[in-house]
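Student: curious how this folds, go ahead:
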Amino acid sequence: MKPADPSCAAAAGAPGKSGAPSRLQRLANTAAGVGVALALACGALAVGATSAHAAATIVIVNLNEPGVGFNDTTPATPVGGNTGTTLGQQRLIAFQRAADLWGATLTSSVPVRIGASFEPLSCTASSAVLGSAGAAEIFSDFQNTPRANTWYPSALGSKLAGTDIATPGQPHIRARFNARLGLFPDCLPGGGFYLGLDRNAGDGIDLVTVLLHEFAHGLGFQSFTDEETGEQVENQPSIWDYYLLDNRLNRTWVELTAAQRAASAVTWRGLSWNGPVVTRNVPQVLDPSSNLGVSGSAAGNYQVGDAAFGPPLSNPPVRGQLMPVVDQANGSGLACTPLSATNALAVRGNVALVDRGSCDFVTKAATVQAAGAIGMVVADNQPGDVAGMSGSDPSIAIPSVRVTQADGATLKAALQRRSRTASGVVASLGLNTTRLAGTDALGRILLYTPSIYSPGSSVSHYTTEAKPNQLMEPFINDDLTHEVTPPRDLTYPLLQDIGW
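Tutor: Reported below is the predicted structural model:
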């Protein structure tokens, strides 16, 4: 047995080297950074646990002291099917809904205990730690172990052993969530947890969705190998590592050196999930990938980030000459204010190329749309990987995509020789039907591996390029449902790959 975090820290900071952190963030007008770290359950287990009886029993163990957290007696109005009349009751009911959903999905003869509490966690007026959750302990070489010398999270190990292998008095999963979120001016005011069960969170943060994500980490959706250094716990891999495939070297993490594992963790699109259950279900879950096709100079297919606003890309694609907006002295084009007559003439009936910066993406789209553009391509202003664009405006009727700084420079170079109204470079904004969104060349889903290591996010999540958005991405998206299975979601198939 090995504690998942030997420091036993409750804060969502850097985990112990043997831990596998996760980070779930919310993309919204006010960004709420959500740190999630694995933590050992330090306190004694409380009585009065509630449970869900289905294919597996999930037990929520209330670790809060009287009057706080789950025991907070602040009056609350029932909302969205949550019938609790106090804040504490509503929190527990939301936890129980997430437990019921996972309990109906999993199969285990050993009840899974989740030690849970609401506590004051780090937050500011613009960002907050939502909570922490993860496996309390990891085990190897237990009864009926499928793979020798391999770490398994406590809940999965107990299922496979057919008996509870957790240390007496320990839960299988430890979960902490922010008791102050949205309730105080210094803790993301107006961005609190939505405690309803009906997925109508609006501007709130759907607690059931967050819980489903965090419980999945505790069930095993995580590596216990240090993603930053590639070092294994006591020189043993975790079961997760058998399915992490470096798709450049075509070798799994158990076949790589520590240095090679660390390198693949920061190789954009370099790490795939090689599990057979996930791969078999990918075609029925994921949609075709978005694509910027360019003909003429700089011809090729460019990877793009999708916009949360405007119409989604579709086929037949929106096609037009690519024309840059130039409204700055350095030759860049921000499109933050109405375009000049010259710029408006250039983009009218064409696809506008603009630069990121100075204003939000929606403003840029509205600006070029007002000038008559039929589409927008945003070139990033910083090095990095493909990323999407947040924002909301129902009046935006043109498609928009985002390209990397490097690809933006390539496109700009191709547009150097142009007239006021034509470039000869034709851009097509549509779908690549030969490749599913968020997959590698062989159709395996990618893991989240930004080129700059992101503690708590890298490796232990699916790529953000998946469409539709998946529960186990590192960002919480407003279109997520409470589903964890195909044809909507690939979370449960991954848990099946590792033994559930």
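Student: so residue 118: helix, strand or coil?
Tutor: Three-state assignment for residue 118 (DSSP: H, G, I helix; E, B strand; the rest coil): strand.
Student: ok, it to residue 201 distance?
Tutor: 18 Å (CB to CB, to the nearest Å). (C-beta placed from N, C-alpha, C; glycine too.)
Student: neighbour count: the two, which is higher?
Tutor: Set side by side, residue 118 and residue 201 show more neighbours around residue 118, with 27 against 19, by other CB atoms under 10 Å.
Student: so who does the more buried one touch?
Tutor: 64, 68-70, 72, 91, 176-179 (CB atoms under 8 Å, 6 or more residues apart in numbering).
Student: tell me the confidence at it?
Tutor: Residue 118 is assigned a pLDDT of 96 by the prediction.
Student: likewise for residue 478?
Tutor: 85.
Student: out of everything not next to it in sequence, what's closest to residue 478?
Tutor: Spatial nearest neighbour of residue 478, excluding adjacent residues (CB to CB, 6 or more residues apart in numbering): residue 201 at 7.5 Å.
Student: next: residue 118.
Tutor: Per CB to CB, 6+ apart, closest to residue 118 is residue 69, 3.5 Å.
Student: didn't that neighbour look like it was pressed against residue 119?
Tutor: Yes - with contact defined as CB atoms under 8 Å, residue 69 counts as touching residue 119 (6.8 Å).
Student: and those two? Which one has more around it.
Tutor: Neighbours per residue (other CB under 10 Å) separate residue 69 from residue 119, with residue 69 holding more: 22 against 17.
Student: how near is that one to residue 203?
Tutor: 24 Å.
Student: ok, which stretches of the stretch 401-500 of the chain are helices?
Tutor: 405-414, 491-498 (DSSP state H, counting those that start in this stretch).
Student: show me what contacts the residue nearest to residue 478?
Tutor: Residue 201 neighbours (CB under 8 Å, 6+ apart): 194, 209, 478.
Student: which neighbours do residue 69 and residue 119 share?
Tutor: residue 179.
Student: returning to what we had before: ok, the contacts of residue 118 vs residue 437, which is closest?
Tutor: Comparing the contacts of residue 118 against residue 437 with CB to CB picks out residue 177 as the nearest, at 30.7 Å.
Student: quick one: that closest one and residue 128 touch, right?
Tutor: No - Residue 177 is not in contact with residue 128 according to CB under 8 Å; the separation is 10.6 Å.
Student: name the residues contacting each of those two.
Tutor: With CB under 8 Å, 6+ apart as the test, residue 177 and residue 128 both reach residue 121.
Student: more crowded one of the two?
Tutor: Shown here are residue 177 and residue 128; by other CB under 10 Å, residue 128 has more neighbours (28 against 24).
Student: distance of the more buried one relative to residue 374?
Tutor: 40 Å.
Student: now do the helices in the chain.
Tutor: Using DSSP state H, the helices assigned to the chain run over residues 87-103, 154-161, 207-219, 258-264, 276-285, 341-347, 361-370, 405-414, 491-498.
Student: off-centre distance for the third one?
Tutor: Yep, that's helix 207-219 we're talking about. In terms of CA atoms, centre = their mean, to the nearest Å, the gap separating the centre of helix 207-219 from the centre of its chain is 12 Å.
Student: angle of that helix against helix 87-103?
Tutor: Orientation check (axes from the mean of the first three to the mean of the last three CA atoms, to 10 degrees): helix 207-219 against helix 87-103 gives 50 degrees.
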